[in-house]
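Colleague: Here is a sequence with its predicted model. Questions after.
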Amino acid sequence: MIQESDGNSSEPEEDAQAVAAGPELPHASGAPTETEGSAETGARTHPLSGLVLGLSWGLGVALALSFRSILDGEWIVIAFTIPAGFVAGVVGGYVKWWFTRYVINECEIRIETGPIFKSSRRIPCARLQSSDINQPLVARVFGLSELTIEMAGGSDSSSKLRFLPFAEARNIRSTVLQRSHELGNANTPQPATPSPEDADCDSSSDSTMSVGDSPLGHEGATLIARLAPDRILIGALLSLDLLMALLGAMLVGLAFVVFDIPIGGLVTLLAFAGGIYSIVSSRVFAQWDFTLSRSAHGLRITRGLFDRSSQSIPFDRIQGIEMVEPLLWRRFGWSQLKIDVAGYGDASEEDGVSVTTLLPISDKSMALTLLNELIHEPHPEEHQALANQASERARIFAPIGWKYRWLTRSADTVRTHTGWVTKRMQVLPHRNVQSIEISQGPWQRRLGVATVEIHTPDGPVSISLAHMNADEAPRLVLDEVALARAAMARPTAGNA
Amino acid sequence: MCVASEYPMQSSRLANMAQDLFSDLDIEWTPVSTGLIKGRRLAGSITFGILFLFVAAGAGFAIYLAPAPWGTLAAITVTLPILALWVWFWFWVPRNQASWGYFEGEKELLIKSGIMFRRLVVVPYGRMQFVDVESGPIASANGYASVTLNTASTETAADIPGVPTAEAHRLRDRLTELGDFDDSGV
């Protein structure tokens, strides 16, 4: 059944690919990279890959099979299970190898895997972010290496080829990197950044910051802001969640004393203490002596009390900006800036919110100045004309919040204003729009409302207008599509 | 500021607009394969069947062990909902299949889906990072595959299930070629 279905599906597949890959050379195995494999089927990786994969898997399988027996000292059983594990691993490795095919050359990157659950991925060369060669221990013994191809993007955005002879891997790598450079340069006036290492951006280093101009010691960077420790401390203290945690801890402590609750109270108290510590460490220790400066290549952040960490952000990697005004900060006129940075997908999870924070706390006027420097907006007044608000019918979903949801647009950017406890303003240039979605659930349909979302690379900025008038929503989406299209067609980058 | 769009919208607004969010988008949507109905019914029936077997076995024990009326009652109350869900699923599948559609615009791919929960996603070709075509054994037996567009945003839920296999590869190749020559934007 399974075999048969494989056979069925492969035929139309081959047809389709034969049409798509016109100019390629016919099959010539063992030839240099460019002619590797035929267009229809693609090439297999090195035949020893199955063995190498199998050996590393086999080790695991063998250990799993014989784990009990080793503990019990049943050596006869082990004499069977260990070879059986390796055989199973090697068979598995060979099956994987047999069903993995790839086509990598100047025109395309395509990788097909899976005996039963088939998966086939095709990557435009221009989208390639970087490519690495690794040599895991077992592979190195056989002189093989693993080629990793990285794309920008969310989950599983990297593809691995296991395994290729080192020279071949290097050949492929240079071919695709070369190609991606060419394409990048042809399409964007400034050198696009196919790999993060050579991020030699940017076209706009000539505009200097107007806020703070005392030069900082290193590398000709200009200081934008250096946050005083007291400001950071007060800012952290004036946050609702910390105050709640402190209040909770005090109440529990009080109950502890008054009602003499034994262990349960202590555990709760410890939980509160843990929460308070994590808030303090991410807001105070991580942001201690926060310094933001600007160099020719981008922004530079140095921060931290115990571990000083330093981070540079090329201007053209900034996708969108969020300005946050928590309730307790507003009367002092303070706000916080956060950014979406392309390629931070995983990093933002690793390091919590810290890496996406551009300014932990500052006066609103300064935050606005910086925001306007980073996101070029020639006609901010247009935002007034093109505004959409959440529908009043959304009252059921957000009794107070519906009044505070706005999405406004100009020819260059889309902005949202949300929240009444914590106010958030988010700005996204149209050219960084990744995709646009409109959705409507059954309740929303009854109320005649719909939700519009504009997707951005992972990070704090996420532009959406929940529960807007359903009559206007499709129009809004199509207008945004047209604005994004116009912005992408424009030659100069609107950011930085 | 009114922006001209390639996608025509019917000017006559129906009185009952709320019923049809996308109907005034005057586009000829490409439907997905009807093989998806068979495939999903098969996959769903396997899942429900296994679930049902386990629950039925439990119900059998209940009838055998518990005093007369209660065991039967309990058996019915646990098995009936599963059967009901199964029936509902059987009729949900073709409706859902019919709701899927995509349209290859000049610069964007449009995907619509859903009846209860409606959704329309617009992905500019220039924002596409890579395209996956995937098919399991049931899918390939019924001649369809799923096509997934990935952008730099993980929120982009641009997957089309049940595209006929040959069409899936054609679509994939076309999308990648369009993506290759458009501005990257990340």
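Modeller: Happy to help now that I have it.
Colleague: Where do the helices of chain B begin and end?
Modeller: Secondary structure of chain B, counting by DSSP state H: helices at B:35-65, B:68-99, B:137-141, B:165-181.
Colleague: so which of those gets nearest A:Gln319?
Modeller: helix B:165-181 (18.3 Å; CB to CB). (Each C-beta comes from the backbone N, C-alpha and C, glycine too.)
Colleague: Now do the closest one against helix B:35-65: the angle between them, please.
Modeller: 120 degrees (axes from the mean of the first three to the mean of the last three CA atoms, to 10 degrees).
Colleague: Check whether helix B:165-181 comes near chain A.
Modeller: Yes: Helix B:165-181 lies within reach of chain A by CB under 8 Å from any CB of the partner chain, at B:Thr165, B:Ala166, B:His169, B:Arg170, B:Arg172, B:Asp173, B:Thr176, B:Glu177, B:Gly179, B:Asp180, B:Phe181.
Colleague: I'd like the helices of chain B laid out as CSV, including mean pLDDT and mean neighbour count.
Modeller: As requested, those are exported to CSV (pLDDT from 0 to 100; neighbours: other CB atoms under 10 Å in any protein chain shown):
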stretch, mean pLDDT, mean neighbour count
helix B:35-65, 91, 15
helix B:68-99, 90, 14
helix B:137-141, 92, 22
helix B:165-181, 86, 21
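Colleague: what separates A:Ala342 from B:Gln97, distance-wise?
Modeller: Separation of A:Ala342 from B:Gln97 (CB to CB, to the nearest Å) stands at 36 Å.
Colleague: Tell me where the model's unsure across chain A.
Modeller: Residues of chain A meeting the criterion pLDDT under 70: A:1-40, A:106, A:153-155, A:184-220, A:261-265, A:343-354, A:491-496.
Colleague: Break it down into its domains, please.
Modeller: A:2-45+A:100-198, A:375-489 (automatic domain parsing).
Colleague: Turn those domains into CSV, columns for distance to A:Phe290 and mean neighbour count.
Modeller: As requested, the domains of chain A are exported to CSV (distance: least, CB to CB, whole Å; neighbours: other CB atoms under 10 Å in any protein chain shown):
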stretch, distance to A:Phe290, mean neighbour count
domain A:2-45+A:100-198, 23, 18
domain A:375-489, 17, 20
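Colleague: In a markdown table: those domains, plus distance to A:Arg303.
Modeller: As requested, the domains of chain A are exported to a markdown table (distance: least, CB to CB, whole Å):
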| stretch | distance to A:Arg303 |
| --- | --- |
| domain A:2-45+A:100-198 | 20 |
| domain A:375-489 | 17 |
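Colleague: Among those, which comes closest to chain B?
Modeller: domain A:2-45+A:100-198 (2.8 Å; CB to the nearest CB).
Colleague: Does A:Arg303 touch A:Phe285 like I think?
Modeller: No: A:Arg303 is beyond contact range of A:Phe285, at 9.5 Å (criterion: CB atoms under 8 Å).
Colleague: out of these two, which sits in the busier spot?
Modeller: A:Arg303 (23 against 17; other CB atoms under 10 Å in any protein chain shown).
Colleague: who's in contact with that one?
Modeller: Contact partners of A:Arg303, counting by CB atoms under 8 Å, 6 or more residues apart in numbering or on different chains, are A:Ala286, A:Gln287, A:Trp288, A:Asp289, A:Phe290, A:Thr291, A:Ser309, A:Ser310, A:Ser354.
Colleague: closest one to A:Val427 among the helices of chain B?
Modeller: Relative to A:Val427, the nearest member of the helices of chain B by CB to CB is helix B:165-181, separated by 26.1 Å.
Colleague: list the buried ones in stretch A:73-82?
Modeller: A:Ile78, A:Thr81, A:Ile82 (16 or more other CB atoms under 10 Å in any protein chain shown).
Colleague: brain fart, stretch A:307-316
Modeller: A:Ser312, A:Ile313, A:Pro314, A:Phe315, A:Asp316.
Colleague: Tell me which residues touch A:Ile454, please.
Modeller: Contacts of A:Ile454 (CB under 8 Å, 6+ apart): A:Val414, A:Leu428, A:Val433, A:Ser435, A:Ile436, A:Glu437, A:Ile463, A:Ser464, A:Glu480.
Colleague: quick one: which of those is nearest to A:Ile400?
Modeller: For the contacts of A:Ile454, the nearest to A:Ile400 is A:Ser464 (18.1 Å; CB to CB).
Colleague: Tell me what A:Leu223 is bridged to.
Modeller: Beta-bridge partners recorded for A:Leu223 (DSSP bridges): A:Ser293.
Colleague: In chain B, what residue lies closest to chain A?
Modeller: B:Thr154 (2.8 Å).
Colleague: quick check: domain ranges of chain B?
Modeller: Here the domain parsing of chain B from automatic domain parsing is B:35-96, B:99-181.
Colleague: just checking, A:His376 touches A:Ser410?
Modeller: No: judged on CB under 8 Å, A:His376 makes no contact with A:Ser410 at a distance of 10.9 Å.
Colleague: pretty sure A:Leu359 is touching A:Arg231, no?
Modeller: No: look at A:Leu359 against A:Arg231 with CB under 8 Å: they stay out of range, at 10.8 Å.
Colleague: So between these two, which is more surrounded?
Modeller: The neighbour comparison of A:Leu359 against A:Arg231 (other CB under 10 Å) goes to A:Leu359, with 23 against 17.
Colleague: Could you tell me whether that one really is in a strand?
Modeller: Yes: assignment of A:Leu359 by DSSP: H, G, I helix; E, B strand; the rest coil places it within a strand.
Colleague: In contact with it, which residues?
Modeller: Each residue near A:Leu359 by CB under 8 Å, 6+ apart is listed here: A:Ala225, A:Leu227, A:Phe290, A:Leu292, A:Gln336, A:Leu337, A:Met366, A:Ala367, A:Leu370.
Colleague: Just to be sure, which of the residues you listed are found in helices?
Modeller: Those of the contacts of A:Leu359 lying in helices (DSSP H): A:Met366, A:Ala367, A:Leu370.
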